[in-house]
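A.B. asks: could you look at this predicted model? Sequence included:
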Amino acid sequence: MKVVVGLGNPGARYEMTRHNVGFIILDLLADKLKTKFNKRAFKSEIAEARVNEKEVLLVKPQTYMNLSGEALGPLVRWYKVLISDLIIVHDDLDLDIGRIRIRGRGGDGGHRGVRSLIRRLGTDEFLRVKIGIGRPEDKESAVDYVLQPFDDEQWRQMVEVIPKSVEAIMDLLTIGPDKAMNIYNS
């Protein structure tokens, strides 16, 4: 079983914010896989799908970003998911807006949702699909920046990268991380 987790914050207030890129991408991935988030368990919304006859869970933790590990830790243990079968999709301030980067391991890079996952899972060896949201241009705090919607120009860029991100996840599921990294980490 593969588990794809989109990081974000629940509720209408956060729906289209920069920090919710993980949720936005998982919603599009669910559409592509013709499934719905119709199960609630482990403090998460869950959709079930199959890719190449392999079971795939799509997971959107509902614990708020900084506590994502509280949802994912118990889910991973319950389903006995191998860390190598886990894919985390999240925003990244250190990547230019519209960039995708796939990583097989690493620290949290200041991302509190990823930090929560590392703490609860006891490892940083999980795959990440990092989506660039850029940094604030003025003296705006990073916290305020990530909790705001994209401006019009940024959204035009995101409209291009979101479907590419879904394809990157599909490639991770079908051709594996090494080949997918060669395609998307340019």
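C.D. replies: It's in.
A.B. asks: where in this protein is pLDDT low?
C.D. replies: Applying pLDDT under 70 to the chain flags the ranges 186.
A.B. asks: need the longest helix for it.
C.D. replies: Longest helix of the chain, by residue count under DSSP state H: helix 152-174.
A.B. asks: next structured bit after that one?
C.D. replies: Per DSSP states H and E, the first helix or strand lying C-terminal to helix 152-174 is helix 177-184.
A.B. asks: other SSEs contacting that following helix?
C.D. replies: Secondary-structure packing of helix 177-184 (3 or more C-beta pairs under 8 Å, 6 or more residues apart in numbering; DSSP states H and E): strand 100-103, helix 152-174. The C-beta positions use only the backbone N, C-alpha and C, and glycine is treated the same way.
A.B. asks: out of these, nearest to residue 57?
C.D. replies: In terms of C-beta to C-beta, the element of these nearest to residue 57 is helix 152-174, at 11.6 Å.
A.B. asks: could you check the angle helix 177-184 makes with the closest one?
C.D. replies: Calculated by axes from the mean of the first three to the mean of the last three C-alpha atoms, to 10 degrees, helix 152-174 forms an angle of 150 degrees with helix 177-184.
A.B. asks: buried residues in helix 152-174, which are they?
C.D. replies: 157-158, 161-162, 164-166, 168-173 (16 or more other C-beta atoms under 10 Å).
A.B. asks: now tabulate those in CSV and tack on distance to residue 36.
C.D. replies: Converted to CSV, the buried residues of helix 152-174 look like this (distance: C-beta to C-beta, whole Å):
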residue, distance to residue 36
157, 28
158, 23
161, 24
162, 19
164, 23
165, 20
166, 16
168, 22
169, 17
170, 18
171, 23
172, 22
173, 18
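A.B. asks: can you say which of the helices and strands packed on helix 177-184 is nearest to residue 80?
C.D. replies: Closest to residue 80 of the helices and strands packed on helix 177-184 is helix 152-174 (C-beta to C-beta; 18.6 Å).
A.B. asks: need the residues that contact that closest one.
C.D. replies: Residues from elsewhere that reach helix 152-174 (C-beta atoms under 8 Å, 6 or more residues apart in numbering): 2, 4, 21, 24-25, 28-29, 32, 51-52, 54, 56, 87, 89, 97-100, 102, 127, 129, 131-134, 149-150, 179-180, 183-184.
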